[in-house]
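Enquirer: Sequence first, predicted coordinates after that:
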Amino acid sequence: MGLCQISDERYKSNISYILDLPIHKYINFKQFTLNSDQTGRLRYGVIAQDLESIYPWLVITDDNGYKSVDYNSLYSLKLAGIEFDITELKEKIKQDTWDLQNRLYYLESRLQLLESKL
């Protein structure tokens, strides 16, 4: 089993929905190799220093100055941002469809009018 973090509601307070969350648009995931990995395996993630300049609450600095990322929170925020984008896209598609239907109705009406004059 992978990394697990306590998520039970009984351990939490001040719970609220994340609204107007642009965080996911500014997080740049990168590919890299770890200096300590002799295999040179390619990995994916973020650079703590890059993230810290924008979202410092997601970065933890140890006593030696090395930085870690709270990936659980990062991924949760990224997912919330993607869900927000999907909702916005659905609304835009709905509005565009409505606009196109109205335009089609208008053009069909004009065509009928022109055909009746022939």
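Expert: Arrived safely.

Enquirer: distance between the longest helix along the chain and the chain's centre?
Expert: Looking across the chain with DSSP state H, the single longest helix is helix 71-116. Offset of helix 71-116 from its chain centre (C-alpha atoms, centre = their mean, to the nearest Å): 19 Å.

Enquirer: how much space between N72 and L79?
Expert: For N72, the distance to L79 (C-beta to C-beta, to the nearest Å) stands at 11 Å. Glycine gets a C-beta too; all of them are placed from N, C-alpha and C.

Enquirer: try T61
Expert: 25 Å.

Enquirer: next one: I54
Expert: 18 Å.

Enquirer: swap in Y71?
Expert: Applying C-beta to C-beta to Y71 and L79 gives a distance of 12 Å.

Enquirer: got it, and R110?
Expert: Taking C-beta to C-beta, one finds R110 at 47 Å from L79.

Enquirer: got it, and A48?
Expert: 20 Å.

Enquirer: of the two, who's got more company?
Expert: For A48 versus L79, neighbours defined as other C-beta atoms under 10 Å are more numerous around A48 (16 against 12).

Enquirer: is it true that F32 touches R41?
Expert: No: with contact defined as C-beta atoms under 8 Å, F32 does not count as touching R41 (10.2 Å).

Enquirer: In terms of packing, which of the two has more residues around it?
Expert: Using other C-beta under 10 Å as the criterion, F32 and R41 rank with F32 on top: 12 against 8.

Enquirer: residues touching the more buried one, list them.
Expert: 42-45, 47 (C-beta atoms under 8 Å, 6 or more residues apart in numbering).

Enquirer: how many other residues sit next to E83?
Expert: Neighbour tally, E83, other C-beta under 10 Å: 13.

Enquirer: What distance do you get for it to L113?
Expert: Taken as C-beta to C-beta, the span from E83 to L113 is 46 Å.

Enquirer: Next: L100.
Expert: Counting by C-beta to C-beta - L100 and L113 are separated by 20 Å.
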